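K.L.:
Sequence below, structure please.
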Amino acid sequence: MNTPRCDQTQAWAALRSHYEGDGHQFDLREAFASDPGRFDALVVEAPGMFADLSKNRIDAASMKLLIDLARECQLEKRRDAMLAGAAINTTEDRAVLHTALRAPRGQGPFSDDVHGVLDAMLAYVESVRHTRASGIRHIVNIGIGGSDLGPQMAVPALEAFVHPELGFHFVSNVDGHDITSVLRHLRPAETLFVIASKTFTTQETMANAHAAKAWFVANGGTDTTKHFVATTTNVAAAAEFGIETTFGFWDWVGGRYSLWSAIGLPIALAIGADNFRAMLGGAHEMDRHFATAPLAKNLPVLLGLIDVWYRNFHGFTSRSVAPYHQGLKRLPAYLQQLEMESNGKCVDLDGNALPFATSPVVWGEPGTNGQHAYFQMLHQGTDVIPVEFLLVKHPTHDLADQHTKLLANGLAQAQALMLGKRSSQAMAERAPTAAKSLAPEIVARHRTFPGNRPSTTLLLDRLTPHSLGALIAMYEHRVYTSGALWGINSFDQWGVELGKALCGDLLPRMASGNTEGLDASTAGLMRRLLD
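P.N.:
A predicted model of the protein is given here:
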């Protein structure tokens, strides 16, 4: 698709002039003081959520120029090509159709195939969830990357909807400490293993799968076909392993976009068929929002544009994600793969080196834990790091006082980042723990907060399968928006391959001790490990 790269547009040059003129001096406190309608002008509603963008360093001029940039880069054309099934993953000549996995029957590409697998998978799910008949009490998902991070994020997020008689465990690391710590608490007769590997050859996954099978047999397990199921396209390899029940997916489903496919089997086992369909429904509603909402009110588009504004003009190198809901504790890790594996690229679609930065570092912890860990740096560190707060209005527990404290903390942190504290305010305050030997003005400098630090707040009414589906889909489309403007392929991951290939060379060397031809560091470390 012949579309301009962002830095080759008139809007990019205009954004640069705007930033160098007024944009780099933008002050959130002054913006709110001068515009009583700023909040109302910069909130956006999308399926399942309400977004406050008003604490970002944007104004009407920068937003107009960013939307001009999206249009000049033909974002809408590129979006429509993706949704129609064009082979936009050009380096692998593949379509990108994770949206087809959540389209209602008859309304998306490959609908018969998609719903055939979905119906069969959900029928199987209900048979397992009938615990009295199945005898299953524990589900162990064995996968890595997208085959692990999606289910491992979604199951605890939807804990209130999880089958009360089923326990869920996730094994991904090839480090044997991962699987042994899970297996020691289980019994073969009550355990179902889900082996998640598209090719059924993923090194880490297959090492753990064979360890699980060996444990199963050694501890009296007798029916592999009942206690092992695979989500894979390599039915023959699964059968050779001893698995008869398999659910497949397609090459147009990227790993980090695969929880909507058969890779979502552990999620469906946890929350049941109806709730899994509700999660797909929430994602589909966000797909329609992304496809049809005007750019100025299109939430994933606006967030993707702000990401470009921050990364390429303000020079912000990272973004912190702070979900104020314990169920979303694995969301930052999930988003790390979604964004950094998608947009951590240094060449454009034509293979040309990029003269600008792409993906920021994404990181975070759930609130309020993060406040007692790294928020010190967010408030007073030398780097400006935009923060994304996620608040859920209604909890699924009855501890109302604690939930009020949680929400108040989230609001307060966003407010503190924006407002800061001037030296004059610090001077006027009493600081009981301050050293008495220091002059008050020195203490005040230590207790000054620069403020003007940007944040976005996303509000969910409740954390349900539907709203979680919409939230994840929103992040997917946001990542695509920024990647499309940067002119990169957000759907390959060649950066994962080199280390895997080198590991294939090192494994036999670890057995033989042969270090010939290795660099001095690797050879020295290997000798040290084998000594």
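
K.L.:
and His383, that's in a helix?
P.N.:
Let me fix one detail, which is that residue 383 is Asp and not His. No. According to DSSP: H, G, I helix; E, B strand; the rest coil, Asp383 belongs to no helix; its state is coil.

K.L.:
show me what contacts it?
P.N.:
Applying C-beta atoms under 8 Å, 6 or more residues apart in numbering to Asp383 gives the contacts 316-318, 377. Backbone N, C-alpha and C define where each C-beta goes, glycine included.

K.L.:
With Lys329 instead?
P.N.:
Lys329 touches 156, 323, 365-366, counting by C-beta under 8 Å, 6+ apart.

K.L.:
Counting neighbours, which of those residues end up buried?
P.N.:
Among these, the ones that count as buried by 16 or more other C-beta atoms under 10 Å are 156, 323, 365-366.

K.L.:
Most widely separated two among the residues you listed?
P.N.:
The span of the buried ones among the contacts of Lys329, defined through C-beta to C-beta, is set by Pro156 and Glu365 at 14.2 Å.

K.L.:
Can you give me the buried ones in the host helix or strand of Arg445?
P.N.:
Assigned by DSSP states H and E, Arg445 falls within helix 440-446. Across helix 440-446, burial judged by 16+ other C-beta under 10 Å covers 443-444.

K.L.:
Show me what it is packed up against.
P.N.:
helix 423-428 (3 or more C-beta pairs under 8 Å, 6 or more residues apart in numbering; DSSP states H and E).

K.L.:
Report all helices and strands that the helix it packs on contacts.
P.N.:
Counting by 3+ C-beta pairs under 8 Å, 6+ apart, helix 423-428 packs on helix 440-446.

K.L.:
Show residues contacting the following helix or strand past the helix it packs on.
P.N.:
Remark: after helix 440-446, the chain's next helix or strand is strand 455-462, criterion DSSP H and E. Here strand 455-462 makes contact (C-beta under 8 Å, 6+ apart) with 48-53, 55-56, 303, 306, 386-394, 396, 410-411, 414, 417-418, 467, 471.

K.L.:
again, only this time at 6 Å
P.N.:
49-53, 55, 387-394, 414, 417, 467 (C-beta atoms under 6 Å, 6 or more residues apart in numbering).

K.L.:
before we move on, back to that, can you tell me which of the buried ones among the contacts of Lys329 is nearest Asp178?
P.N.:
So of the buried ones among the contacts of Lys329, ranked by how close each gets to Asp178 (C-beta to C-beta), first place is Pro156, at 17.1 Å.

K.L.:
Check whether the nearest residue to Ile136 once chain neighbours are set aside sits in a helix, strand or coil.
P.N.:
Of all residues not flanking Ile136 in the chain, Leu192 sits nearest, at 4.8 Å (C-beta to C-beta, 6 or more residues apart in numbering). Using three-state DSSP, the structure places Leu192 in strand.

K.L.:
residue contacts, Leu192?
P.N.:
136, 139, 227.

K.L.:
Show me what the helix or strand encompassing Trp12 is packed against.
P.N.:
Element membership for Trp12 (DSSP H and E) is helix 10-21. In this structure, helix 10-21 makes packing contacts with helix 60-72, judged by 3 or more C-beta pairs under 6 Å, 6 or more residues apart in numbering; DSSP states H and E.

K.L.:
Now the helix it packs on: average pLDDT?
P.N.:
Averaged across helix 60-72, pLDDT comes to 98.

K.L.:
for stretch 136-148, same thing?
P.N.:
97.

K.L.:
cool, stretch 420-438 as well?
P.N.:
92.

K.L.:
which residues touch it?
P.N.:
With C-beta under 6 Å, 6+ apart, stretch 420-438 has contacts from 443-444, 447-451.

K.L.:
on that earlier part again, any idea how far the helix holding Arg445 is from the chain center?
P.N.:
On the basis of C-alpha atoms, centre = their mean, to the nearest Å, helix 440-446 sits 40 Å off its chain's mean C-alpha point.

K.L.:
who touches that helix?
P.N.:
Residues from elsewhere that reach helix 440-446 (C-beta under 6 Å, 6+ apart): 423, 426-427, 434.

K.L.:
Which members of those are classed as buried?
P.N.:
Applying 16+ other C-beta under 10 Å to the contacts of helix 440-446 flags Ala426 as buried.

K.L.:
Export the contacts of helix 440-446 as a markdown table, with columns for distance to His18.
P.N.:
A markdown table is the format used below for those (distance: C-beta to C-beta, whole Å):
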| residue | distance to His18 |
| --- | --- |
| Ser423 | 31 |
| Ala426 | 34 |
| Met427 | 36 |
| Ala434 | 42 |
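
K.L.:
who touches Asp52 in this structure?
P.N.:
Asp52 neighbours (C-beta under 6 Å, 6+ apart): 43, 457.

K.L.:
With Gly135 as the reference, measure out to the residue nearest to Ile136.
P.N.:
Here Leu192 is placed at a distance of 9 Å from Gly135 (C-beta to C-beta, to the nearest Å).

K.L.:
one step back: let's see if you can find the most crowded of the contacts of Asp383.
P.N.:
Phe316 (20 neighbours; other C-beta atoms under 10 Å).

K.L.:
so how many other residues sit close to the residue nearest to that residue when sequence neighbours are not counted?
P.N.:
Of all residues not flanking Phe316 in the chain, Tyr310 sits nearest, at 4.3 Å (C-beta to C-beta, 6+ apart). Neighbourhood size, Tyr310 [other C-beta under 10 Å]: 22.

K.L.:
before we move on, what about Ser512?
P.N.:
8.

K.L.:
can you check the one 4 residues further on too?
P.N.:
Other residues near Glu516 come to 6 when the count uses other C-beta under 10 Å.

K.L.:
Now it: phi and psi?
P.N.:
Main-chain torsions, Glu516, degrees, to the nearest 10: phi -60, psi 130.

K.L.:
one step back: report pLDDT for the residue nearest to Phe316.
P.N.:
98.

K.L.:
Could you do Ala46 as well?
P.N.:
Reported pLDDT at Ala46 in the predicted model: 98.

K.L.:
Any figure for the gap between the closest residue to it other than its chain neighbours and His130?
P.N.:
Nearest residue to Ala46 in three dimensions, chain neighbours excluded: Leu299, at 4.0 Å (C-beta to C-beta, 6+ apart). Remark: distance between Leu299 and His130 (C-beta to C-beta) = 39 Å.

K.L.:
With Tyr19 instead?
P.N.:
For Tyr19, the distance to His130 - C-beta to C-beta - is 60 Å.

K.L.:
So for the two, which residue has more residues nearby?
P.N.:
Remark: of Tyr19 and His130, Tyr19 carries more neighbours, 20 against 11, as counted by other C-beta under 10 Å.

K.L.:
Touching stretch 249-262 from outside, list them.
P.N.:
With C-beta under 6 Å, 6+ apart as the test, stretch 249-262 has contacts from 94-95, 97-98, 101-102, 121, 145-146, 150, 231, 247, 337-338, 341, 491.

K.L.:
Equivalent analysis for stretch 54-64, please.
P.N.:
23, 26, 38-39, 42, 306, 418, 454-455.

K.L.:
Please enumerate the strands of the chain.
P.N.:
43-46, 49-52, 138-142, 167-171, 191-196, 228-231, 246-247, 318-324, 361-364, 387-394, 455-462 (DSSP state E).

K.L.:
so can I have CSV of those showing distance to Ala87?
P.N.:
Shown next, in CSV, are these (distance: least, C-beta to C-beta, whole Å):
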stretch, distance to Ala87
strand 43-46, 28
strand 49-52, 31
strand 138-142, 31
strand 167-171, 33
strand 191-196, 25
strand 228-231, 24
strand 246-247, 25
strand 318-324, 30
strand 361-364, 28
strand 387-394, 32
strand 455-462, 32
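
K.L.:
and the gap between the residue of the chain positioned farthest from its centre and Trp494?
P.N.:
For the chain, the residue at maximal distance from the C-alpha centroid (C-alpha atoms, centre = their mean) is Ser437, at 48.0 Å. Distance, Ser437 to Trp494, using C-beta to C-beta: 58 Å.

K.L.:
Ala322 too?
P.N.:
31 Å.

K.L.:
Report the contact partners of Ala87.
P.N.:
93-95.

K.L.:
hmm, back to that, list the buried ones in the helix holding Trp12?
P.N.:
Across helix 10-21, burial judged by 16+ other C-beta under 10 Å covers 11-12, 14-15, 18-19.
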